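**Q** Everything below, folded, please.
(2 chains, ligands or ions: 2)
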Amino acid sequence: MNCCGPREGPASTKFESITAASLSGLIDIRDVTHAYVTESGPLPVLRDLSIAIPEGGFVAVVGPSGCGKSTLTRLIAGLMKPDSGEVWLHGEKVTSPRSTVGMAFQNPVLLEWRSILKNVMLPLEIVPTTLTRREQEERARKLLSLVGLDGFEDKRPSELSGGMRQRASLCRALVHQPNVLVLDEPFGALDAFTREDLWMTMHNLKAEEPFTGVMITHDLRESIFLADQVVVLSGRPATTQHVMDVPSTGPRVLDDLYTPEAAERLNILRRQIEIAQGRAPADAGGTVS
Amino acid sequence: MIRKVAVPIAAIVVFLVLWELLVWINDWPNYVMASPSDLPAAVMKFWMLFLEMGWQTLWRTVIGLLIAIFVGVALGMIMGFWRIMREALYPLLVGFNAIPKATVVPIVALLFVGAHDFNTVMIAFMISFFPIAVSVSIGLSTLEPEYRDILRSLGASQSTIFWKIALPKTLPEFFGALKVSVTLAFIGTNLMEIVSPHGRGLGSLFDSGKTNSDYPLMFAVLIALAFLGIVLYYVVVVLENIFAGWAEREPS
Ligand SMILES: Nc1ncnc2c1ncn2[C@@H]1O[C@H](COP(=O)(O)OP(=O)(O)O)[C@@H](O)[C@H]1O
Ligand SMILES: [Mg+2]
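**A** Numbers count the residues shown, from 1 in each chain, chains lettered A, B, ... in the order given. Ligands and ions are numbered 1, 2, ... in the order given. Presented below is the predicted three-dimensional model:
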């Protein structure tokens, strides 16, 4: 139970230093506290949660199920307001939804009555855009081809596999060139091989269409493969329990996941999750040496 | 394509032959059971009446159904968007729907004495709006929150969400209910025409067949009603294919 590397100081100490270093983060979540009103009284979900993500950064958020991860995404997207604390995007305080955000969920929520192309173009019908109709279509087609869906533009969502639908949903999240990408367990329903394909797709997308993003996931390998920082949330009410930077040296390949460094990172994250779940004492967490 | 037309027609022919045979084998006189071969004569004798009465039955059914669609969709939207309204209205609607409409016919006929067209349309409406209201409310209230969020997160208004997502997504359920409702409205119209005869519609033609012991006429009316019912039903099916054809699974 208690093993693995030198002990780390309280997670919050480390965390505060990161906030300080990126005060002008593109996504800046400051001391957010939120409780849902339920029939059996208030249900506190987030407590003093702070996360800052610099421009171009991609942060993975992991934590026990039901701890408040989806709530966090809804706050970032401006779909609801926190009881206290603030969310800032690009130096502006979020008080309502804004068109500079792109979202994707575990459920790809494609509209069955539209072709894939028309599905991807949906945000352009809502967000003010200077693109002509033809340019909009070109943009959607370009994204679809980036994720390997050329030739499927005119198909209906029901004709696509789960992985392909999720690819289309990513295109829709990016089509209006949002500053911020918010992904809530986007690959959670896919089988392991499809998921790895999608990871590579994410790296391709990021190279071609740079974005700043947050991704909720329950797959630790996914978190260290895609993100440059992994945030572990505590159990409900969630607060930042552990932050791990995942520096990269050049493009990532799947083999990176089978190195000793990766094994150690995964070990630490797993330990942290156990702590968050209350299955291991809080002093059992390790850190990357 | 040929198969799609030929098979149903063959089935109808087989049905008519069996009917004819049944009457012939039992040697039933036509006041017990008319046989298909009696019907053309009965229709020919009164064909102008058939057209006129059929038209009356048809338009009153369609108007009743249109009102049912309007009111049903409105109620469905109210119940679908506001949970408190659903909790308030649902028991009322269920209770209202449970009342056999045959008992409502005389009440309506007394309430609005002499307003026959109005009364008939009323009954057609009352009997048929329930499935529409329920299906629309269920369709709207079971819309996964992600569908709403995907548009809301872009700053879309409630009405944009309704037109772009909620409405189209509810269409398959709506048409499913409409297929039930069209038949119900038709039954409602005939109920009024037969239970409270006022000389209009196929129902009254049936009634006069009864008073004159013209049994082939009664059977001819039944066939005419079946024909009208089929036409109405398939009009809805065609509309469904146009507006909600996407919901049909490709045969795989
Ligand atoms: N609209 C809501 N009203 C009341 N409780 C909610 C609502 N949404 C979520 N919850 C509760 O809040 C907690 C956190 O939810 P969520 O953010 O979806 O967790 P996660 O995504 O981490 O699994 C859960 O216990 C959930 O049941
Ligand atoms: Mg969740």
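**Q** what comes up buried for the one helix or strand residue B:48 maps to?
**A** Element membership for residue B:48 (DSSP states H and E) is helix B:47-81. By 16 or more other C-beta atoms under 10 Å in any protein chain shown, the buried positions in helix B:47-81 come out as B:49-50, B:53-54, B:56-58, B:60-65, B:67-69, B:71-73, B:75-81. Every C-beta, even on glycine, is put in place using the N, C-alpha and C of the backbone.
**Q** Also stretch A:87-102?
**A** Within stretch A:87-102, the residues that qualify as buried are A:87, A:88, A:89, A:90, A:94, A:97, A:98, A:99, A:100, A:101, A:102, counting by 16+ other C-beta under 10 Å.
**Q** Return the residues in contact with residue B:226.
**A** Applying C-beta atoms under 8 Å, 6 or more residues apart in numbering or on different chains to residue B:226 gives no contacts.
**Q** Now do the helix or strand where it lies against helix B:47-81, angle only.
**A** Element membership of residue B:226 [criterion: DSSP H and E] is helix B:215-244. If you take axes from the mean of the first three to the mean of the last three C-alpha atoms, to 10 degrees, helix B:215-244 sits at 40 degrees to helix B:47-81.
**Q** List the buried residues of helix B:215-244.
**A** Neighbour count says helix B:215-244 has B:215-221, B:224-225, B:228-229, B:232-233, B:236, B:240, B:244 buried, by 16+ other C-beta under 10 Å.
**Q** which two of the buried residues of stretch A:87-102 lie the greatest distance from each other?
**A** A:88 and A:102 (17.6 Å; C-beta to C-beta).
**Q** quick one: contacts of stretch B:30-37?
**A** The contact list for stretch B:30-37 (C-beta under 8 Å, 6+ apart) reads B:16, B:19-20, B:22-24, B:26, B:28, B:38, B:42, B:213, B:215-216, B:218-220.
**Q** Pick the one among those closest to residue B:106.
**A** Out of those, the member with the shortest distance to residue B:106 (by C-beta to C-beta) is residue B:218, at 22.6 Å.
**Q** State the distance from the closest one to residue B:9.
**A** 25 Å (C-beta to C-beta, to the nearest Å).
**Q** Can you list the helices and strands that the worst-scoring helix or strand of chain B on mean pLDDT packs against?
**A** Least confident helix or strand, chain B: helix B:39-45 with a mean of 84, by mean pLDDT, DSSP states H and E. With contacts defined as 3 or more C-beta pairs under 8 Å, 6 or more residues apart in numbering or on different chains; DSSP states H and E, the packing partners of helix B:39-45 are helix B:215-244.
**Q** Residue 136: what's it in contact with?
**A** Since you didn't name a chain, this refers to chain A. Contacts of residue A:136 (C-beta under 8 Å, 6+ apart): A:121, A:124, A:129.
**Q** look at chain B instead
**A** Residue B:136 touches B:72, B:73, B:75, B:76, B:77, B:79, B:80, B:170, B:173, B:174, B:177, counting by C-beta under 8 Å, 6+ apart.
**Q** show me the contacts for the closest residue to it other than its chain neighbours.
**A** Distances taken as C-beta to C-beta, 6 or more residues apart in numbering or on different chains put residue B:76 closest to residue B:136, at 2.5 Å, once the chain neighbours are dropped. Shown in contact with residue B:76 (C-beta under 8 Å, 6+ apart): B:132, B:133, B:134, B:135, B:136, B:137, B:139, B:140.
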